[in-house]
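Visitor: how does the following fold in three dimensions:
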Amino acid sequence: RGSSPGHLWRFCRWWWGTGVHGRMSTTTGTSTTLPGFGCDTDEDCSFVACTGDRGLDGASCKDHVCTCAARARFFIGIGMYIAALLGIAVYSRIKTQRSLLPQADRLREHFLASSSFGTVVVTLSLFSTAFSGYTVVGVPEEASRVGFPAMRWLTIGVFVNIGALAVYPRLRQIGLARRYSSPTDLIGDRFNSNSLRLFTSLSLVIPLFIYTTVQFVALADVIEGLSLGRIHRRTAASLLCAIIIVCEAMGGQRSVTITDTVQSIIMLAAFFVMPFVLVFYYGPLSEIVEEGCPRSADGGRTGCAAYARPWVTMQPTVLTQCDLAHRTTDQSCFSSRYANGTLPAFEPPIDPDTEPEFRHVTLSMLMFNLNGMAFGLNSHLVQKVFAAKSDRVLKHSLMLLTGAALVTNLPSLYYGFVRVAAMPDAQGSAFAVVTGKMIDIGGFAEIVAVVAACSALAAIMSTADSSIIGANNLLTVEWVKNFLWRGASPQQLAYVSKGVTVCFAVAALLFSFNVDKIPFGALFNLQNSFVWQPAPTYLAALYTDRFAAHPLLYGQIAGLVVCIGIAARAGGEFVVPSGLIGVAVNAAVLCGAQWGLTATGSALGSDDARRTDRLDSGVTAQFGSTRLTAEYVDRHVMKGTHEPLKSRKNQALVLLAMGLIVLGHPWYEQPYTQQAVSSGLTAWALGYFILYLAGVGLVTYVYSTWVCGEDDGKGGAGERASRAPSRRASGGGDPVGQNGDASPLVSDVDEEEDP
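Guide: Numbers count the residues shown, from 1 in each chain. I've put the predicted structure just below:
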């Protein structure tokens, strides 16, 4: 209050002084243990109050022990962070309004930011978008429950980058050459089918909806936990949802990308510094895992993760499932091994034999990794690919991100083990519990913890706003601009875009209120399961002319139905993700339908022969004078570019990277046999980590062999294609034939090429 120097000085003394002796007061009855702090309670904990002049708040009581803690700095830090985000949104709004782009290009600018960002910005934007609420809330929580099998969140990064290798080099070049403004423009340009294009866009909106929902759940967990319940989880999620809507509506992709960059810097600072602070107070992993560890305290009750979670130092289940009727004799049951071994200091809080996440753990780890290979097709990530200034920028960004899980998921795993070892009985998510404890310690630990809290919000909000603008792009461009309202002006589409943002974000927010008890790993599997269904369509569009639009559509529909059916029936207990089963059905229906339509001479078996279900000529004209084909992409768009996976050597290296990680999974011993522990890692976890590092190195090398075209950053060979005559208004002109028959366009482009 007030603005005099005296007020400011007293505020600064309060800010730093309250952390000198610690900021947590624990008392029994009314006698405080720290000077200046007070905590009053009665015998049955029915009344709890904090007293004193040190800014204390957040009282709690358990077993006649009263606890008071301060969260004022946390609220101040979060307020400053939100103010910075809103400032960036205003700056992006002003910059967009001053842009000299014609009105017709403003929509593309809103979603793709004119493909103008360099390596640092693209890397940081991808970083903050890819590492989300799953990382800051899901990974620590899973590590605190199941132990080292949570390392699957490390290895999945290798599989995600392998999937991106197959798609991004081609998709980006084609998108720039044909001036795409939506990730599914490729489908319309390639197959000239309204139904396939619209269904594919819906298939991509579903996983974005799940992704956004997860961010709101994570956001609520963090805010409610760190505010000691003073801010209700729904209030927190609703408030930050409104902030995300404002930022996206005001600045579009430019605002999202710049805020992602700022948020990445905050995240990196927290991920680098926080582990050192935790090591100082609780010890490294080597001191907090196995029974009898150096940090053992309270007569053996706390300090070592193996006391609270005995299975942490044991072999997980492999392919077997515990026979609950014979748990005392079934060697795949935890209770059988546990009863005959060394009993820990106190009983574990959960019975792993009855929990789905402890069944088939090794197989589930493998399926989780394989299911993640399609993650790169999420449209909010594809937008980042288009936003890169050049192929080289994208190449360097992806190389840096291949091992980024070491910076993010590794500290998150450590968070989970600290929570189990030092705070086994604490209530709340692992991240909120550990970070809150650091805030209560005060001093430098509190400052770092507040930055870590901001980094958690940064990870969550950056992913949420990117997911929302990704879904907005698909719905506004594909459904409104190209289908429902073809004559809409750029200004009208801008208003529609803002309405779509609000509707999508609010729907995800409301849905998050009902799924906050589902494990994050199950939600991540479900999200990737839906992303898998458009994957065959994208691969066909990029690499082959053998498949037509309608067989691809039938395959997608079949795969999506199977995926939804299995997910609804089995929930999180089905060991093979529904998406992998769905994409197998998808591929089978696709091949069968293509063979059947071709054999019967149906026009639906060829995109050249089909005269129905075609895009409006005004839509197709924006791409070029002819329908795109895979042969044309090979001969012209990708000319001068060496794609990493075109080399047999690189294909072998990618398979080797995957094989090493698969072999590193804990296949080789009986469930719940005791493991040797070295440097805080069980024998299988240490081997798994070493093979993961080898996989990161191999995939990074494969990315380094990506040779960009001479005209990289200027549109490449594809830019010459985009200068070809406009597509005829009659409905698409003479397309390049599926069997390789060249249209006049191809000859025209050949004549224009330099010697």
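
Visitor: number of nearby residues for Ala269?
Guide: Using other Cβ atoms under 10 Å, Ala269 has 15 other residues around it. In short, each C-beta sits where N, CA and C put it, glycine included.

Visitor: distance check, it against Val262.
Guide: Relative to Val262, Ala269 is positioned 11 Å away (Cβ to Cβ, to the nearest Å).

Visitor: okay, which residue is most central for the chain?
Guide: When Cα atoms, centre = their mean is applied to the chain, the residue found nearest the centroid is Ala130 (4.1 Å).

Visitor: next up, the contacts around it.
Guide: By Cβ atoms under 8 Å, 6 or more residues apart in numbering, Ala130 lies in contact with Val160, Leu381, Leu401, Ala404, Thr463.

Visitor: isn't Phe520 right up against Ala143?
Guide: No - contact criterion Cβ atoms under 8 Å: Phe520 and Ala143 do not qualify, at 11.5 Å.

Visitor: of these two, who's got more company?
Guide: Remark: of Phe520 and Ala143, Ala143 carries more neighbours, 28 against 22, as counted by other Cβ under 10 Å.

Visitor: confirm that Leu615 sits in a helix.
Guide: No - Leu615 is assigned coil when assessed by DSSP: H, G, I helix; E, B strand; the rest coil, not a helix.

Visitor: distance check, it against Arg73.
Guide: With distances taken as Cβ to Cβ, Leu615 is found 56 Å from Arg73.

Visitor: can you check Ser238 too?
Guide: Using Cβ to Cβ, one gets 24 Å for the distance from Ser238 to Arg73.

Visitor: go on, Phe127?
Guide: Distance of Phe127 to Arg73, computed by Cβ to Cβ: 26 Å.

Visitor: comparing the two, which shows the higher neighbour count?
Guide: Phe127 (24 against 21).

Visitor: angles on the backbone of the residue lying closest to the more buried one once chain neighbours are set aside, please.
Guide: Spatial nearest neighbour of Phe127, excluding adjacent residues (Cβ to Cβ, 6 or more residues apart in numbering): Ser264 at 4.9 Å. Main-chain dihedrals, Ser264, degrees, to the nearest 10: phi -60, psi -40.

Visitor: which residues touch Ser264?
Guide: Ser264 is in contact with Leu124, Ser125, Phe127, Ser128, Ala458, Ser462, counting by Cβ under 8 Å, 6+ apart.

Visitor: in the stretch 551-700 of the chain, where is pLDDT below threshold?
Guide: 570-574 (pLDDT under 70).

Visitor: can you give me the helices in it?
Guide: With DSSP state H, counting those that start in this stretch as the criterion, the stretch 551-700 of the chain has helices at 578-599, 617-620, 630-632, 648-664, 683-704.

Visitor: packed most tightly, which of these would that be?
Guide: Of all these, helix 630-632 has the most neighbours on average by mean count of other Cβ atoms under 10 Å, namely a mean of 22.

Visitor: which helices and strands does that helix pack with?
Guide: helix 535-543 (3 or more Cβ pairs under 8 Å, 6 or more residues apart in numbering; DSSP states H and E).

Visitor: just checking, which helix or strand of this structure averages the lowest pLDDT?
Guide: Counting by mean pLDDT, DSSP states H and E, the chain has its least confident helix or strand at helix 744-752, which shows a mean of 36.

Visitor: and Leu400, how many neighbours does it have?
Guide: Leu400 sits with 18 neighbouring residues when counted by other Cβ under 10 Å.

Visitor: identify the residues contacting it.
Guide: Thr123.

Visitor: gap between it and Ala84?
Guide: 24 Å.

Visitor: any figure for the gap between the residue nearest to Phe127 and Val121?
Guide: Per Cβ to Cβ, Ser264 is found 9 Å from Val121.

Visitor: now swap in Thr682 and tell me
Guide: For Thr682, the distance to Val121 (Cβ to Cβ) stands at 40 Å.

Visitor: and the gap between Tyr688 and Phe159?
Guide: 14 Å.

Visitor: Ala421 too?
Guide: 30 Å.

Visitor: neighbour-wise, which of those two wins?
Guide: Higher neighbour count among Ala421 and Phe159: Ala421, with 28 against 24, using other Cβ under 10 Å.

Visitor: which stretches of the stretch 201-350 of the chain have low pLDDT?
Guide: 251-257, 297-302, 339-348.

Visitor: now with 90, please.
Guide: Residue ranges of the stretch 201-350 of the chain with pLDDT under 90: 215, 217-237, 239-272, 274-275, 282-283, 286-287, 289-313, 317-350.

Visitor: for it, just list every one of the helices.
Guide: Assigned by DSSP H, counting those that start in this stretch, the helices in the stretch 201-350 of the chain fall at 233-282, 305-308, 334-339.

Visitor: what of the stretch 401-550 of the chain?
Guide: Here the stretch 401-550 of the chain has its helices, by DSSP H, counting those that start in this stretch, at 405-422, 430-441, 443-473, 490-512, 520-532, 535-543, 549-570.

Visitor: show me what the fourth one is packed up against.
Guide: If you count contacts as 3+ Cβ pairs under 8 Å, 6+ apart, helix 490-512 packs onto helix 103-112, helix 194-226, helix 233-282, helix 443-473.

Visitor: between those helices, which gets nearest to Gly79?
Guide: Checking those against Gly79 by Cβ to Cβ gives helix 443-473 as the closest, at 10.3 Å.

Visitor: state the mean pLDDT of that closest one.
Guide: Throughout helix 443-473, pLDDT has a mean value of 84.

Visitor: how many neighbours does Arg71 have?
Guide: Summarising burial for Arg71: neighbours were counted as other Cβ under 10 Å, giving 24.

Visitor: right, and it touches Ser227 too?
Guide: Yes - shown here, Arg71 and Ser227 form a contact pair, counting by Cβ under 8 Å, at 5.9 Å.

Visitor: please report the distance of the nearest residue to Tyr543 once chain neighbours are set aside from Pro644.
Guide: Computed as Cβ to Cβ, 6+ apart, the closest residue to Tyr543 that is not its neighbour in sequence is Ala630, at 5.7 Å. Here the criterion is Cβ to Cβ. By it, Ala630 lies 18 Å from Pro644.
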